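>>> Got a predicted structure here, sequence first:
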Amino acid sequence: MSEDETQTPASGPGPDWGFETRMIHAGAGPDPTSGARQTPIHQTSAYAFHDADHAASLFNLQTFGFIYSRLGNPTVATLEERIASLEGGRGATCAASGHAAQVLAFFPLIEAGERFAASTRLYGGSVTQFSRTFPKFDWRCDFVDTEDLSAVEAVLAQGAKALFVESLANPGGVVTDLEALSGLTRAAGALLIVDNTLATPWLCRPFEWGADLIVHSATKFLSGNGTVIGGAVVDSGRFDWSASGRFPGLSEPEPAYHGLKFSETFGDLAFTVHSHAVGLRDLGASMAPMNAFLTLLGTETLALRMERHCRNSLAVAEWLTGHPKVEWVSHAGLPTSPYRELAEKYLPNGAGAVFTFGVRGGYEAGVRVVEKCELFSHLANIGDARSLIIHPASTTHRQLTDEQRAAAGAGPEVVRLSIGLETVDDLVRDLDQALAAA
Amino acid sequence: MATDLHYSDALITGILRRVRTIAMVGASPNWKRPSNFAMKYLQEKGFRVIPVNPRAAAAGASILGEKARASLEEVPAPVEMVDVFRASEAALGITREAIRLRAEKGFDVVWMQLGVRNDEAAAEAEAAGLTVIMNRCPKIEYGRLWGELGWGGFDSGVISSRWPRPAKGGGRSG
């Protein structure tokens, strides 16, 4: 190596960089052309080719690079690398929303007429997507109580190719036993897909417990300010598609790429290459560069924000526990929670900031508490710097049957909170006056 | 990727910066094969890649503009790296050939592709003073360390706040 060798790749500690360092730096060095230190917003639809051969190499997937922002964009790619790094995954694919990320996750895995399984304790929108819209693609979802391991084993034995769960389940307070479930999916040759939206990689890293894929709604804590709609699917890179033979989309020749076999050609990069080159190409639900930029800004402060979200949330949950108008509080950080042990195992940095409580007086009382709040915002989102409140039975989980709502922890008396970063005493005062007026 | 094989970024970077010419054993003339993908990419990055493929050599074929050779013996010196794009079982014979021809050809590195691993071959090569990398793809490693892998959404593991001057001529090594 000569002294004037200037284009030198970095060779620091690599994977040993700490979480907080990676949440700021992963994927994002100075811009090679301008030196811009913050990631530029590459607001462009398409990218120039050097020459015809370069264009051919890109279209053939023979080289790394950009063609068209539906398939990939440098700002979005920076966020993808950042999320992959924070989750400890091989690669990530960002999408226009968390729901789009879920479609992208299943797209290479499930052929028409095939089945997957999902926990009954899911965000209501996911239940609706899996039970109402996926059947139009002839993808069949079996919902299963994932706390009943023999039921999970049975549904996997009946041919479910993947199991979808939330690490910390929406609307709140439920922690999933990822290690037990990944043992079952591995034995069955199926994938464990974990929605890690509520936990974020700061609180829980599902790949460390055997998950194969992770999905995120980047709309929530990753971006953190209620500014964007976005999603991501992250691949662990550990599932051996070629050896499995159950996932022909990844292991068999792909006609649209001249008979290329993704798993043979790209090894542990196969899933993520496929998600861009086939998934985003044909489903088209790509993330906008501006949304990637705002999410990158959010990830830079993820650990700091999650610490405060969790601390505020536990303080509010403890206060609610003693309130005469409150029947119960479902927060995995409370000593009385049946999920306390699982929370200590899977969420050692805190049990999250989204949880539910039951108001005495049922549906009507639940609706009134929400309407009487002054500081809490009444809206259908979570993971904002602002504290949010909603009555799931009349909103987010409205499309479900009574039975589905009960299974999801969204019964008539349930109020969901997403605790923000405000002064915690103000949050308590606001809930106090709302409960008094309800 | 096998988790018990660890190669530092500095080691891989050093190899990819030092090496000019690669003998790729198992390079395929079929442009859809992974070896052809890797060969083309490495050529674009400024490496000379000489394909070793007896069948292609017997037919007098060239692969991506380079004449195919029947064996390592027929590769013109100097060649710093032997890239084994064959099954793990074949790696021992190829490695022994590389050790035998080491001084004559200038071989310095035996690199076994992603999915290729032969611990016996590695031990013999290392004992003979060759550097050995197993179960890695030089294309992926080059992309990872020179900032291209992240374009595909992959975690490169590389973090740096330095803004390097562009290399003269824009190439790998100036």
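Yes, it's here.

>>> how about the nearest residue to A:Gly91, chain neighbours excluded?
Closest residue in space to A:Gly91, ignoring its immediate chain neighbours: A:Thr272 at 3.3 Å, by CB to CB, 6 or more residues apart in numbering or on different chains. To be clear about C-beta, it is placed using only N, CA and C from the backbone, and glycine gets the same treatment.

>>> One more: A:Pro171?
Distances taken as CB to CB, 6+ apart put A:Arg416 closest to A:Pro171, at 4.3 Å, once the chain neighbours are dropped.

>>> same check, this time on A:His258
In space, A:His258 comes closest to B:Lys32 once its chain neighbours are excluded; the distance is 5.3 Å by CB to CB, 6+ apart.

>>> How about A:Ser57?
With sequence-adjacent residues excluded and distances taken as CB to CB, 6+ apart, A:Ser57 is closest to A:Thr63, at 4.3 Å.

>>> which ones are touching A:Ala232?
Residues counted as contacts of A:Ala232 (CB atoms under 8 Å, 6 or more residues apart in numbering or on different chains) are A:79-80, A:83, A:92-95, A:101, A:215-216, A:218, A:222.

>>> hmm, back to that, what residues sit buried inside the helix or strand hosting the residue nearest to A:Gly91?
When elements are defined using DSSP states H and E, A:Thr272 is found to belong to helix A:270-274. Judged by neighbour count (16 or more other CB atoms under 10 Å in any protein chain shown), helix A:270-274 contains these buried residues: A:270-274.

>>> what's the answer for stretch A:422-431, then?
Within stretch A:422-431, the residues that qualify as buried by neighbour count (16+ other CB under 10 Å) are A:422, A:424, A:427-428, A:430-431.

>>> which pair in those spans the largest distance?
Taking CB to CB as the measure, those reach their widest spread between A:Glu422 and A:Leu431, a distance of 11.9 Å.

>>> which element is A:Ala406 on?
Per DSSP H and E, the secondary structure element for A:Ala406 is helix A:402-407.

>>> ok, and what's touching the helix or strand following that helix?
Where DSSP H and E defines the elements, the next helix or strand beyond helix A:402-407 is strand A:414-418. The set of residues external to strand A:414-418 that reach it, using CB under 8 Å, 6+ apart, is A:170-172, A:313, A:316, A:353-359, A:366, A:369-370, A:376, A:381-384, A:387-393, A:396, A:410.

>>> same thing with stretch A:123-142?
For stretch A:123-142, the surrounding residues in contact (CB under 8 Å, 6+ apart) are A:99, A:102-103, A:106, A:110, A:112-118, A:122, A:143, A:155, A:158, A:160, A:164, A:166, A:170-171, A:195, A:197, A:392, A:396-400, A:404-405, A:408, A:410.

>>> hmm, try it at 7 Å
Judged by CB atoms under 7 Å, 6 or more residues apart in numbering or on different chains, the contacts made with stretch A:123-142 from elsewhere in the structure are A:99, A:102, A:106, A:110, A:112-118, A:155, A:160, A:166, A:170, A:392, A:396-397, A:399-400, A:404, A:408, A:410.

>>> Please apply the same query to stretch A:198-205.
By CB under 7 Å, 6+ apart, the list of residues contacting stretch A:198-205 from outside reads A:19, A:86-88, A:166-168, A:170, A:196, A:221-222, A:302-303, A:306, A:346-347, A:349-350, A:352, A:354.

>>> Equivalent analysis for stretch B:14-21, please.
Outside stretch B:14-21, the residues that touch it by CB under 7 Å, 6+ apart are A:1, B:47-48, B:50, B:78-81, B:109, B:131, B:138, B:141-142, B:173.

>>> out of those, which are buried?
The neighbour-count test (16+ other CB under 10 Å) applied to these identifies B:47, B:50, B:79-81, B:109, B:131, B:138, B:141-142, B:173 as buried.

>>> Show me the residues you listed that map onto helices.
Taking DSSP state H as the definition of helices, those contribute B:138, B:141-142.

>>> What ranges does the stretch 101-250 of chain A have for its helices?
Read by DSSP state H, counting those that start in this stretch, the stretch 101-250 of chain A holds these helices, from start to end of the chain: A:124-128, A:149-157, A:178-188, A:200-203, A:241-244, A:248-251.

>>> Distance check, the spatially most central residue of chain B against B:Val109.
Residue closest to the average C-alpha location in chain B (CA atoms, centre = their mean): B:Asp83, at 4.0 Å. For B:Asp83, the distance to B:Val109 under the criterion CB to CB, to the nearest Å works out to 9 Å.

>>> Hmm, A:Phe207 is touching A:Ala84, no?
No: using CB atoms under 7 Å, A:Phe207 and A:Ala84 do not qualify as a contacting pair, with a distance of 10.2 Å.

>>> between those two, who's got more neighbours?
Between A:Phe207 and A:Ala84, counted using other CB atoms under 10 Å in any protein chain shown, the more crowded position is A:Ala84 (31 against 24).

>>> where's the residue lying closest to A:Gly29 once chain neighbours are set aside relative to A:Pro30, distance?
Take A:Gly29 and drop its neighbours on the chain: the residue closest to it by CB to CB, 6+ apart is B:Ser160, 5.2 Å away. From B:Ser160 across to A:Pro30, the span is 8 Å (CB to CB).

>>> Please identify which pair of the contacts of stretch B:14-21 lies farthest apart.
Taking every pair in the contacts of stretch B:14-21 and measuring CB to CB, the maximum separation is 23.4 Å, between A:Met1 and B:Ile50.

>>> If anything else comes up later, I'll come back, but that's it for now.
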